[in-house]
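In: Structural data only, the sequence is not supplied:
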């Protein structure tokens, strides 16, 4: 077994054992929550992670009987927030609305002390969204991926792509796209997808592989043109938009997933209650509709903390190989 896989398994076992090992702690944990719970988001308001957190928080507040307050701590591709939560007391009052970027990709390319495997208790996988390659039609007339590729080949290093930070799905999608297509484009990283979107709409950058929740409103308003999605299948929200594979770019399968993490050594009574509340939240028809409206694909992912831990280990390995193949390292 991989050492990180053992770490995840050990963390879960330790969390499970805390209740029996310490009756006092178990008794305190059984009363959770007795005060508001903070749900930390590592990105600025308005992006896909922030929107998802706010959709979940209201229903969670109702189920838990305490306010679940969303707090934004942007920077370092989500790792500032991750570090904050990793160092918090494992009492269930500080949680992380994590995503693929901050959990298994950014730690490979951003300087940070966060160990995504050892520092957290995996709680609940929420869902995933594809990235969508979008352009500003008032700046470019590209009608297809091939049009963009042809222009990029004619203008080496002149076209720019935005992202929500180093190691973000936008960054990795564009870097992998460039590798497969044999083009060279310039990366313009931001602290979150909100500012990246502002500059794309303003014409300061040429394109973005934005998450579907971050781009869908501007697509529907006609301010952005979608050329392709990064998932292996077409999105239900954009059924007329082809996949990159259908557009001739094969070998790129990157999606942004969302999940809830807690600090390592979370007591099992808290983990169980939190997991149950999240499960009920995700089963709520209104919540499902709101998340689906954002382009999120629900279901099909790991169904419990142990399965989620295994999933994260697989993703950690996948993105380690991908960042290495792209020549990316910590900066």
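Out: Alright, I've got the coordinates. Model, not experiment: these values are computed from the prediction.

In: can you give me the helices in the stretch 1-150 of the chain?
Out: 3-21, 23-30, 48-64, 79-86, 100, 106-109, 145-154 (DSSP state H, counting those that start in this stretch).

In: Run through who's touching the third one.
Out: Which is helix 48-64. 33, 37, 39, 41-44, 67-70, 72, 78, 97, 99, 126, 129, 192-193, 211-214, 256, 258, 273, 277-278, 280-281, 284, 286-287, 290-291, 294, 296 (C-beta atoms under 8 Å, 6 or more residues apart in numbering). C-beta coordinates here come from the backbone N, C-alpha and C atoms, glycine included.

In: how far is that helix from where the chain is centred?
Out: 15 Å (C-alpha atoms, centre = their mean, to the nearest Å).

In: Now that helix: buried residues?
Out: Buried residues in helix 48-64, counted by 16 or more other C-beta atoms under 10 Å: 48-61, 63-64.

In: where does the stretch 51-200 of the chain have low pLDDT?
Out: Low-confidence segments of the stretch 51-200 of the chain (pLDDT under 70): none present.

In: Repeat the analysis, applying 90 as the threshold.
Out: 51, 75-77, 101, 106, 110-114, 116-117, 129-130, 164-169, 190-195 (pLDDT under 90).

In: helix or strand for residue 245, which one?
Out: Using DSSP states H and E, residue 245 maps to neither a helix nor a strand.

In: Share the number of residues neighbouring it, please.
Out: By other C-beta atoms under 10 Å, 17 other residues sit near residue 245.

In: List the residues that contact the residue lying closest to it once chain neighbours are set aside.
Out: The shortest distance from residue 245 to any non-neighbouring residue, by C-beta to C-beta, 6 or more residues apart in numbering, is to residue 232 (6.9 Å). Applying C-beta under 8 Å, 6+ apart to residue 232 gives the contacts 243, 245, 253.

In: Excluding sequence neighbours, find me the nearest residue to the last one.
Out: What that stands for is residue 253. residue 232 (5.5 Å).

In: sec struct for that neighbour, please.
Out: Following DSSP: H, G, I helix; E, B strand; the rest coil, residue 232 is assigned to coil.

In: per-residue confidence at it?
Out: Predicted confidence (pLDDT) at residue 232: the value is 89.

In: roughly how far apart are it and residue 179?
Out: Distance, residue 232 to residue 179, using C-beta to C-beta, to the nearest Å: 18 Å.

In: How about residue 301?
Out: The value you get for residue 301 to residue 179, if C-beta to C-beta is used, is 27 Å.

In: in the protein, which spans are strands?
Out: 37-41, 68-72, 94-99, 120-135, 160-163, 186-189, 207-211, 225-229, 255-263 (DSSP state E).

In: Take the ones you listed and lay them out in JSON lines including distance to residue 114 and mean neighbour count.
Out: Listed next are the strands of the chain as JSON lines, based on distance: least, C-beta to C-beta, whole Å; neighbours: other C-beta atoms under 10 Å:
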{"stretch": "strand 37-41", "distance to residue 114": "13", "mean neighbour count": "22"}
{"stretch": "strand 68-72", "distance to residue 114": "18", "mean neighbour count": "17"}
{"stretch": "strand 94-99", "distance to residue 114": "10", "mean neighbour count": "26"}
{"stretch": "strand 120-135", "distance to residue 114": "9", "mean neighbour count": "26"}
{"stretch": "strand 160-163", "distance to residue 114": "19", "mean neighbour count": "24"}
{"stretch": "strand 186-189", "distance to residue 114": "18", "mean neighbour count": "15"}
{"stretch": "strand 207-211", "distance to residue 114": "22", "mean neighbour count": "30"}
{"stretch": "strand 225-229", "distance to residue 114": "30", "mean neighbour count": "23"}
{"stretch": "strand 255-263", "distance to residue 114": "11", "mean neighbour count": "24"}
